[in-house]
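Novice: A predicted structure for the sequence below; I have some questions about it.
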Amino acid sequence: MEKYYKIEGMTCGGCKATVEESLNKIESTARVLVDLEKGEATILMNSLIPTNKLQEALPKKFVITEKSKGLFQKDINIEISSKKESNKVQQLKPLFIILFYITVASLMLNYKTWDWRACMLDFMGLFYIVFSFFKMLDLRGFAVSFRMYDPAAKRVPIYGKIYPFIETSLGLLFLLRFEIDIALVLTVVILGVTTVGVTKTLLSKKTIQCACLGTALKLPMTEATFIENAIMIVMAIGMLII
């Protein structure tokens with residue numbers, strides 16, 4: 001059986017070694033694992049050892065108290081959750097960098113003769129061109145990943161295969177300032193459908209790969225995916241209204 005304990009009084013590696021050595025000497029102890037930073041110990045026992053017996057085996061400076069499994073497991077879950085959040089941010093780093101570069105490029109293209117509409121059109125055009133490029137690197141892989149959450153791609157599989165070409169076309173329309181209204185309407189419709197699928201996936205708590213940058217960069221489906229689509233939709237609607 002495994003039992004979990006809180007140990008007070010440990011201040012260094014020497015304390016940890018003393019605690020492990022002292023507890024390992026007790027009969028019926030199979031294994032002792034001590035976490036110095038948390039001040040905790042996990043003891044694998046062949047038979048139940050009373051806490052007072054464990055206390056007697058330790059030098060007086062240390063105080064050992066039993067910790068409930070539920071509380072111990074809660075701490076583990078918090079730590080795992082923290083690591084997942086950290087990993088998520090690390091995985092999304094390429095997406096943030098790409099969006100940063102697109103934003104900076106759009107601003108630099110228009111800083112001399114500032115025109116917010118032109119800046120937004122450049123942003124949307126570069127967004128489509130860059131994102132379609134990554135999808136083109138593996139069209140088949142993208143189509144498979146895209147079909148996992150996009151409602152239109154689920155119903156019409158070929159849609160996933162031509163989607164990168166649609167993005168490229170929309171990007172060119174924005175950059176060349178050609179049929180802008182049509183491109184804006186298509187942006188609202190196409191990204192709106194995708195955002196519905198993204199929202200359902202996020203609400204279902206499923207862990208799947210986001211296809212926004214194809215399969216070359218393995219990004220997790222997160223709130224960032226929803227936000228990037230929402231930004232494009234809001235920009236498109238804004239330019240159609242104003």
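Specialist: Perfect, I can see it now. Residues are numbered from 1 along each chain as shown.
Novice: Give the next helix or strand downstream of the helix or strand bottoming out on mean pLDDT in the chain.
Specialist: Ranked by mean pLDDT, DSSP states H and E, the helix or strand of the chain with the weakest confidence is helix 69-91, at a mean of 52. Next along the chain after helix 69-91, taking DSSP states H and E as the criterion, comes helix 93-110.
Novice: Buried by neighbour count: which residues of that following helix qualify?
Specialist: If you call a residue buried by 16 or more other C-beta atoms under 10 Å, then helix 93-110 has these buried ones: Leu95, Ile98, Leu99, Ile102, Ser106, Leu109, Asn110. The C-beta positions use only the backbone N, C-alpha and C, and glycine is treated the same way.
Novice: hey, C-alpha coordinates of it in PDB?
Specialist: In PDB, the C-alpha atoms belonging to helix 93-110 read as follows (Å, rounded to 0.1, in the frame of the first residue of the first chain):
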ATOM      1  CA  LYS A  93       4.500  30.200 -29.800                       C
ATOM      2  CA  PRO A  94       4.900  29.800 -33.700                       C
ATOM      3  CA  LEU A  95       1.300  31.000 -34.100                       C
ATOM      4  CA  PHE A  96       1.900  34.100 -32.000                       C
ATOM      5  CA  ILE A  97       5.200  34.900 -33.800                       C
ATOM      6  CA  ILE A  98       3.500  34.600 -37.200                       C
ATOM      7  CA  LEU A  99       0.600  36.900 -36.200                       C
ATOM      8  CA  PHE A 100       3.100  39.300 -34.800                       C
ATOM      9  CA  TYR A 101       5.100  39.400 -38.100                       C
ATOM     10  CA  ILE A 102       1.900  39.800 -40.100                       C
ATOM     11  CA  THR A 103       0.800  42.700 -37.900                       C
ATOM     12  CA  VAL A 104       4.100  44.500 -38.100                       C
ATOM     13  CA  ALA A 105       4.300  44.000 -41.900                       C
ATOM     14  CA  SER A 106       0.800  45.400 -42.300                       C
ATOM     15  CA  LEU A 107       1.700  48.500 -40.300                       C
ATOM     16  CA  MET A 108       5.000  49.100 -42.100                       C
ATOM     17  CA  LEU A 109       3.300  48.900 -45.500                       C
ATOM     18  CA  ASN A 110       1.000  51.700 -44.500                       C
END
